[in-house]
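*Asks:* no FASTA, just this:
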């Protein structure tokens with residue numbers, strides 16, 4: 001079966017991921033909006049706690065992405081049985097990893113947060129959130145694997161359905177648990193964390209039921225739970241381990257960014273959490289198209305069709321850029337209305353608006369940087385992708401530190417650092433795809 005790399009097929013793979021990501025970000029938007037109306041402290045703490053949680057979960061996310069690349073390569077080769085075997089082996093790993101990460105978060109997060117968070121109120125609220133949110137890490141890791149499987153075989157509609165289901169559950173439990181409505185206890189920021197755990201557990205059940213009823217399990221040899229194949233694990237870890245480190249470092253650097261902002265003050269942290277939520281929502285099509293590029297690159301290489309790699313990446317860049325441009329254009333019509341979703345405080349809206357203009361420009365660079373970078377990962381050269389990421393993150397953190405500690409810029413000036421990250425990522429990835437020998441990668 002020849003893999004199609006036309007604009008329409010790229011869109012066919014990407015749009016369900018976009019819908020799923022929209023629903024996923026509705027969850028983040030809802031959490032931020034509800035907590036913004038609860039208190040400014042809760043709003044700032046949610047930023048610290050959420051990024052800390054996802055920095056840890058990124059280890060599982062990275063392994064899932066590596067499994068996605070391997071499954072997509074086997075799918076492109078027509079080796080469907082090995083797709084399921086890869087899934088089962090990845091499941092063994094992720095369940096074990098999830099229990100280790102849960103133990104780490106429950107035992108170590110209070111000590112880590114106490115050392116690095118300056119405000120006592122922010123520390124207490126962040127710790128309250130993490131103490132509950134950590135219980136969902138097993139569900140989150142297995143859900144990541146199901147997403148990797150369906151994206152790897154380019155059957156992505158289930159991603160949008162599952163995430164919409166998750167959003168509905170999360171919004172309902174956010175409302176009743178944060179504020180204590182409909183007879184539920186009033187839990188505040190702990191309620192937001194518990195709502196996310198419940199939603200993740202429900203989505204895992206959804207994935208399992210859908211897969212058993214709608215997916216040709218025998219075709220892919222899913223859920224056969226074979227004996228451990230050491231050679232397969234070596235291939236999986238060769239691809240996945242650099243992505244685990246890379247994704248962990250990327251989120252950790254953003255965590256450091258928010259810690260530096262927290263030292264500027266609770267108001268600056270609250271502004272940055274609002275911006276983070278809006279920014280992530282604008283970035284939805286970027287990550288969706290990047291996932292499509294990653295999968296299609298791996299699939300066409302599996303077919304031996306190397307000449308299609310760069311064309312499919314640049315086609316994806318164009319589609320991603322147009323989608324982001326449309327979102328930025330709509331947001332520019334009434335930025336105050338966008339910000340008012342999160343807060344009704346006039347001064348906070350006014351102080352957030354200049355930062356919003358800063359990230360609009362940065363958002364237009366990310367379709368190029370992220371898509372090219374995911375193209376590098378899709379070739380299977382994840383170690384080289386990790387090196388690119390580390391170099392870019394070093395430049396990024398250096399820029400953040402300089403803007404905050406040396407130039408002592410306002411919060412809108414600090415967010416200029418996003419231009420550093422997007423620009424260096426695009427340049428490094430393009431140079432690699434243009435001049436490096438990536439065609440000999442075996443996974």
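*Replies:* Now that the structure is in, tell me what you want to look at. Owing to the predicted nature of the structure, the values given are computational and were not obtained by experimental measurement.

*Asks:* Residue ranges in this structure under the pLDDT threshold?
*Replies:* 1-5, 15-16, 19-29, 31-32, 36-38, 40, 440-441 (pLDDT under 70).

*Asks:* go with 50
*Replies:* Under the criterion pLDDT under 50, no range of the chain is flagged.

*Asks:* To which secondary structure element type does the residue sitting furthest away from the middle of it belong?
*Replies:* Taking Cα atoms, centre = their mean, the residue of the chain most remote from its mean C-alpha position is residue 183, at 33.9 Å. Under DSSP: H, G, I helix; E, B strand; the rest coil, the three-state class of residue 183 is coil.

*Asks:* Let me see the ranges of the helices in the stretch 1-150 of the chain.
*Replies:* Along the stretch 1-150 of the chain, the stretches classed as helices by DSSP state H, counting those that start in this stretch are 7-38, 40-77, 80-116, 120-133, 137-152.

*Asks:* my guess is residue 276 contacts residue 48, does it?
*Replies:* No. Residue 276 lies out of contact with residue 48 (Cβ atoms under 8 Å); the separation is 10.8 Å. For every residue, glycine as well, the C-beta is placed using N, CA and C.

*Asks:* what touches both of the two?
*Replies:* Taking Cβ atoms under 8 Å, 6 or more residues apart in numbering as the criterion, residue 276 and residue 48 both touch residue 258.

*Asks:* quick one, which of those two is more surrounded?
*Replies:* Between residue 276 and residue 48, counted using other Cβ atoms under 10 Å, residue 48 has the larger neighbour count: 27 against 22.

*Asks:* For residue 222, see how far away the closest residue to residue 148 other than its chain neighbours is.
*Replies:* Of all residues not flanking residue 148 in the chain, residue 68 sits nearest, at 3.7 Å (Cβ to Cβ, 6 or more residues apart in numbering). Here residue 68 is placed at a distance of 15 Å from residue 222 (Cβ to Cβ, to the nearest Å).

*Asks:* cool, residue 70 as well?
*Replies:* Between residue 70 and residue 222 the distance is 15 Å, computed by Cβ to Cβ.

*Asks:* hmm, back to that, ok, the residue nearest to residue 148 - how many residues close by?
*Replies:* Number of residues near residue 68 (other Cβ under 10 Å) recorded here: 30.

*Asks:* check contacts around it.
*Replies:* Applying Cβ under 8 Å, 6+ apart, we find residue 68 in contact with 147-149, 151-152, 294-295.

*Asks:* ok, it to residue 83 distance?
*Replies:* From residue 68 to residue 83 the distance is 11 Å (Cβ to Cβ).

*Asks:* intersection of neighbour lists for the two?
*Replies:* 149, 152.

*Asks:* Do I have it right that residue 42 meets residue 125?
*Replies:* Yes. At 5.8 Å, residue 42 counts as touching residue 125 under the criterion of Cβ under 8 Å.

*Asks:* what do those two both touch?
*Replies:* Counting by Cβ under 8 Å, 6+ apart, the residues touching both residue 42 and residue 125 are residue 189.

*Asks:* Walking through the stretch 151-300 of the chain, point out its helices one by one.
*Replies:* Using DSSP H, counting those that start in this stretch, helices in the stretch 151-300 of the chain cover 157-179, 189-214, 217-220, 230-262, 266-282, 284-302.

*Asks:* give me the element residue 311 is part of.
*Replies:* For residue 311, the host element (DSSP states H and E) is helix 309-333.

*Asks:* which other helices and strands contact that helix?
*Replies:* Counting contacts by 3 or more Cβ pairs under 8 Å, 6 or more residues apart in numbering; DSSP states H and E, helix 309-333 packs against helix 7-38, helix 266-282, helix 284-302, helix 346-363, helix 366-378, helix 417-435.

*Asks:* Show me which residues of the fourth one are buried.
*Replies:* The neighbour-count criterion (16 or more other Cβ atoms under 10 Å) identifies 348-349, 351-352, 355-356, 358-360, 362-363 as the buried residues of helix 346-363.

*Asks:* Need those residues in CSV (columns: distance to residue 108).
*Replies:* Below are the buried residues of helix 346-363 laid out as CSV (distance: Cβ to Cβ, whole Å):
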residue, distance to residue 108
348, 33
349, 37
351, 34
352, 33
355, 32
356, 35
358, 34
359, 32
360, 37
362, 33
363, 34
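
*Asks:* hmm, back to that, looking at the helices of the stretch 151-300 of the chain, which is buried most?
*Replies:* helix 284-302 (a mean of 27; mean count of other Cβ atoms under 10 Å).

*Asks:* for that one, packing partners?
*Replies:* For helix 284-302, the packing partners by 3+ Cβ pairs under 8 Å, 6+ apart are helix 7-38, helix 40-77, helix 137-152, helix 309-333, helix 366-378.

*Asks:* now the angle from that helix to helix 230-262?
*Replies:* Relative orientation of helix 284-302 versus helix 230-262 (axes from the mean of the first three to the mean of the last three Cα atoms, to 10 degrees): 160 degrees.

*Asks:* Enumerate every residue touching residue 378.
*Replies:* Applying Cβ under 8 Å, 6+ apart, we find residue 378 in contact with 69, 72, 293-298, 301, 309.

*Asks:* can you list those in a markdown table and add distance to residue 61?
*Replies:* Output for the contacts of residue 378, formatted as a markdown table (distance: Cβ to Cβ, whole Å):
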| residue | distance to residue 61 |
| --- | --- |
| 69 | 13 |
| 72 | 16 |
| 293 | 17 |
| 294 | 13 |
| 295 | 15 |
| 296 | 20 |
| 297 | 19 |
| 298 | 17 |
| 301 | 22 |
| 309 | 24 |
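
*Asks:* Out of those, which comes closest to residue 100?
*Replies:* Proximity of these to residue 100 (Cβ to Cβ) peaks at residue 69, which lies at 23.1 Å.

*Asks:* just to revisit the earlier point, nearest to residue 393 among the helices of the stretch 151-300 of the chain would be which one?
*Replies:* Once the helices of the stretch 151-300 of the chain are compared by Cβ to Cβ, helix 230-262 is nearest, at 4.9 Å.

*Asks:* Distance from the closest one to the middle of the chain?
*Replies:* The chain centroid and the centroid of helix 230-262 are separated by 12 Å under Cα atoms, centre = their mean, to the nearest Å.

*Asks:* Who are the packing partners of that helix?
*Replies:* Packed next to helix 230-262, using 3+ Cβ pairs under 8 Å, 6+ apart, are helix 40-77, helix 80-116, helix 266-282, helix 382-401, helix 411-414.

*Asks:* Could you tell me the angle between that helix and helix 382-401?
*Replies:* 10 degrees.

*Asks:* export the helices of the stretch 151-300 of the chain to TSV and tack on distance to residue 18?
*Replies:* Output for the helices of the stretch 151-300 of the chain, formatted as TSV (distance: least, Cβ to Cβ, whole Å):
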stretch	distance to residue 18
helix 157-179	8
helix 189-214	18
helix 217-220	25
helix 230-262	20
helix 266-282	11
helix 284-302	4
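
*Asks:* Tell me which of the ones you listed sits nearest to residue 57.
*Replies:* Distance to residue 57, taken as Cβ to Cβ, is lowest for helix 230-262 among the helices of the stretch 151-300 of the chain, at 8.3 Å.
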